[in-house]
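>>> Coordinates for the following, if possible.
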Amino acid sequence: MKFKKNSLMLIISSGFLFTRIFLLCFDLPKEALYFIPSLRGIGWGLLLAFHINTLKTFLKSNQMAKAILYLSIGLQTLVAVFNEIGPHIYSNFSYNLLFIILTSVAASGVLLIVIFNLVFRKKKKVND
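Numbering: from 1, shown residues only. Next up, the predicted model:
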């Protein structure tokens, strides 16, 4: 039951983060831009609160530090790459295209998590 609650909260947090990036693909009124950043805060808050418990379900305690380190390195590498290429994309094409690309990357990440989860569950059933 605990694993399902953690998974549900991670899905909800991903939904908030994905919705924020998706909404920024469109030309929205200025007033909407006051509300949209709060989606990021809610999403990251939920993610930070529940991802450690989710990792504990399929990693040993001695692997946790490495996993968190690798996740942080991956995230910061993506941030650095998009900080470098982002200005080139929106100055040469459009601001909306940058967020369409970010939405695609986020959707790919969620899809990979779902695939990983399905593979992990299938392996767990075979081993049991």
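
>>> what about Leu10, how many residues close to it?
Using other C-beta atoms under 10 Å, the number of residues around Leu10 comes to 20. Yep, even glycine has a C-beta here, placed from its N, CA and C like the rest.

>>> Is it in a helix, a strand, or coil?
Reducing the assignment to helix, strand or coil with DSSP: H, G, I helix; E, B strand; the rest coil, the entry for Leu10 is helix.

>>> That one against Phe50, yeah?
Yes - in terms of C-beta atoms under 8 Å, Leu10 counts as a neighbour of Phe50; the distance is 5.6 Å.

>>> next one: phi and psi at Phe50?
Dihedral angles phi and psi of Phe50 (degrees, to the nearest 10) take the values phi -120, psi -10.

>>> And the pLDDT at the closest residue to it other than its chain neighbours?
In space, Phe50 comes closest to Met9 once its chain neighbours are excluded; the distance is 4.3 Å by C-beta to C-beta, 6 or more residues apart in numbering. For Met9, the pLDDT comes out at 82.
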